[in-house]
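Asks: mind folding the following:
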Amino acid sequence: MKKAWISITIATVISGLLFYVMNLMTPSAGIDSGNGNPAIVLIPILFPLFVYLVYSWIKVLKFFHMTLRVGISTLLLITFHWVIGLYIHRVMFDRHRETLADAYEQLFGYVDWEYIDHITSSLLSIHTNKLYFNLNTFFMYLTLSILLSVDFVLVKKHLNFGSVKD
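Replies: Numbering: from 1, shown residues only. Okay, the predicted model is just below:
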């Protein structure tokens, strides 16, 4: 079990560093990067780390006696965290759009909302890195791995798929 905790710690630190680096790759409002979005190269690394986190959490959770009540409470708590996290994400997105609009207005004297919509409408846009790779989304990334692990452990421990009742 100690090895699984070490694995979780290492995967969490590496993921956190990747989120941090991708966040730093966002240009300031009003600055244009001619190199595209270099953070896109790092995004695929997060998926195998996520799978490894889920696997490691499952190994750890197998050692605990998780009652159905504790498991469901954990799932509800994580769902509540996600609802709050998504709300925070939406508020940050709206504020970011306003910041970009203000910077655009200072540079050109008017706001081109079509341009603002264009640069904020894609995960692939360099102007949205801070929205997708920040502390909030990092915690959502971690809690999603725990949610899937708890789901797996609960299904395995508390549901018996091998017997069919008539």
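Asks: continuing past the top helix by length along the chain, what's the next helix or strand?
Replies: Criterion DSSP state H: the longest helix present in the chain is helix 68-108. Downstream of helix 68-108, the first helix or strand assigned by DSSP states H and E is helix 113-119.
Asks: just checking, what packs against whatever helix or strand comes next after that next one?
Replies: Remark: after helix 113-119, the chain's next helix or strand is helix 129-132, criterion DSSP H and E. Secondary-structure packing of helix 129-132 (3 or more Cβ pairs under 8 Å, 6 or more residues apart in numbering; DSSP states H and E): helix 2-24, helix 68-108. (Glycine included, C-beta is placed from N, CA and C.)
Asks: which of those helices sits closest to Ile126?
Replies: Minimum separation from Ile126 across the helices and strands packed on helix 129-132 (Cβ to Cβ) falls at helix 2-24, 10.2 Å.
Asks: quick one: the next helix or strand after the closest one to helix 68-108, angle?
Replies: Next in sequence after helix 2-24, counting helices and strands by DSSP H and E, comes helix 43-61. Orientation check (axes from the mean of the first three to the mean of the last three Cα atoms, to 10 degrees): helix 43-61 against helix 68-108 gives 160 degrees.
Asks: next SSE after the worst-scoring helix or strand of the chain on mean pLDDT?
Replies: Every helix and strand in the chain was compared by mean pLDDT, DSSP states H and E; the lowest is helix 129-132, with a mean of 80. Using DSSP H and E, the helix or strand that directly follows helix 129-132 along the chain is helix 135-158.
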